[in-house]
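> Here is a sequence with its predicted model. Questions after.
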Amino acid sequence: MAKFLVQNSGPLNGEVYISGSKNAVLPILAASILAEDGCVIDDVPALRDVQVMKGILNSLGAEIDDSREGMLEIRFPDILTNEADYELVGKMRASFLVMGPLLTKTGRAKVHIPGGCSIGARPIDLHLKGFKALGAKVIEKDSYVEAIAPAGGLKGAGIYLDFPSVGATENIMIAASMASGTTYIENAAEEPEIVDLANFLNKMGARIKGAGTDNIKIEGVRTMHPCEHCVIPDRIEAGTFMLAGAITRGELLIHNIVPDHIRPITAKLRECGVMVEMGDEGMYVIADRRPLTSTNIKTLPYPGFPTDIQSPFMAFLTTVKGSSSVIETVFENRFMHVAELNRMGANIRTEGNRALIPGDTDLEGAQVIATDLRAGAAMVLAGLVARGTTEISEIYHIERGYEKFVDKCKGIGATILRIDDQED
Ligand code: UD1
């Protein structure tokens, strides 16, 4: 299996460009199933997760032209099947997002149930609750879930989500966009990726209002037309590079960033003493020659502090003056990186969903594992300031979600090497 070798790199300085958002493009690709006569999607990051979604769309009958870098032209001359490929769905939880569009477009969908993952059980009950409310009959059998729309198609309804799940909001919003009548999603997720998906659907002719608030109104339409859409910048990649500047006490200019999307990350970095300023060209993150101090973090649904930045931020907190605490409220098991940081000498203690992080730690290079996508990024950040070399295995997690990660890190002065293995 391929590995990263990361060395203490001193302050990272320079400029980095943020790619299109992974979490925005995946639901948008799933929603492209609804496009009559195709759609064009721009700023698509070259990621493993995007490859998986393209594979699923291909298996459903899509013709995808990816000859221009960062752009996908997708057409569905015919939907060949409304069963999503078992192998591909098993590779990525977000594959379940094809359920809503398949169900609303063809009246039936059969998708493999995505398994749990290292960060928690991640059930799909809220997605299914939404489909049932829209009138679908839902059958959970073996490892599949099958949904069948009533004769005449899905019908708009009021749906209250017990938790503002990002995936459930997206799946229901897509399904409801071609249902008859009006749907209200209450306690909806408010993430920027939901807004981007709603903008994409609206460009195709959907009538969605309120995306970005906790109450989304969707008036169903009968047809969708072709459209072009450019994906929003990846706020989690942006946060990761902000932290790369902060942890190495460097000075970075980060391009293609939406300040509003990263407000909690900016606020917490400023609390620690990092200078974060938006300029004409992008976001400046300046952490050199500044005393940096501790802070406390609690992850929450947007606009709260993003759970996806929890582990990279924790790596940074090991290096500041004073102890910090981190409370994880979105996923029940998102502290896998703690054991890995502790291998590097971090001495973090956890009590339930709370972690206590002593500051001023001299991290030591070690052999560690990228236990999930963001935990992998945290290991790279820790490796950049640890003494000696940090060897990170299972980096396929990192490559699922960070485009050209090694090149971007090298471009700002990081010493990072990807060691290939014949098997990989
Ligand atoms: C999305 C993001 C992921 C991010 C997460 C939370 C994508 C592709 N992934 O994941 O990077 O970490 O949002 O910001 O966009 N839950 C239920 N029942 C459900 C659905 C979810 O109980 O039917 C629970 C989950 O177990 C979890 C919480 O809700 O504890 C949040 O999950 P959700 O918002 O659905 O995350 P994802 O859409 O899977």
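Good, I have the coordinates. Numbering: from 1, shown residues only.

> Need the phi and psi values for the nearest residue to Y17 once chain neighbours are set aside.
Closest residue in space to Y17, ignoring its immediate chain neighbours: H255 at 4.6 Å, by C-beta to C-beta, 6 or more residues apart in numbering. From N, CA and C alone the C-beta is placed, and that goes for glycine too. Reported as degrees, to the nearest 10, the phi and psi values for H255 are phi -100, psi 160.

> How about the one 4 residues further on?
P259 has phi and psi values of phi -50, psi -40 when expressed as degrees, to the nearest 10.

> shouldn't it be in contact with G279?
No. Using C-beta atoms under 8 Å, P259 makes no contact with G279, being 10.7 Å away.

> give me the number of residues near N199?
19 (other C-beta atoms under 10 Å).

> shaky segments in the stretch 51-200 of the chain?
The model of the stretch 51-200 of the chain has pLDDT under 70 over residues 115-121.

> Please list the residues of it that sit near the ligand.
Residues of the stretch 51-200 of the chain lying close to the ligand (C-beta under 6 Å from any ligand atom) are 93-94, 120, 122-127, 163, 165-168, 189, 193.

> Tell me the buried residues in stretch 405-419?
Buried residues in stretch 405-419, counted by 16 or more other C-beta atoms under 10 Å: 405-406, 408-409, 412-414, 416, 418.

> want to throw those into CSV with distance to the ligand?
Compiled in CSV, the buried residues of stretch 405-419 are given as follows (distance: C-beta to the nearest ligand atom, whole Å):
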residue, distance to the ligand
F405, 16
V406, 21
K408, 19
C409, 21
I412, 24
G413, 28
A414, 24
I416, 23
R418, 23
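
> which ones among these are found in helices?
Among those, DSSP state H puts 405-406, 408-409 in helices.

> quick one, phi/psi of the closest residue to T390 other than its chain neighbours?
Among residues not flanking T390 along the chain, G383 sits closest, at 3.2 Å (C-beta to C-beta, 6+ apart). The phi and psi values for G383, taken as degrees, to the nearest 10, are phi -60, psi -30.

> Quick one: end-to-end distance for stretch 360-373.
26 Å (C-alpha to C-alpha, to the nearest Å).

> Can you name the residues that contact G345?
361-364, 366 (C-beta atoms under 8 Å, 6 or more residues apart in numbering).

> circling back to that earlier point, which two in the ones in helices among the buried residues of stretch 405-419 are spaced the farthest apart?
V406 and K408 (7.4 Å; C-beta to C-beta).

> The helix or strand harbouring I172 - contacts with which helices or strands?
I172 belongs to helix 166-177 when elements are defined using DSSP states H and E. With contacts taken as 3 or more C-beta pairs under 8 Å, 6 or more residues apart in numbering; DSSP states H and E, helix 166-177 sits against helix 22-31, helix 99-106, helix 125-133, strand 182-186, helix 192-203, strand 207-209, strand 215-219.
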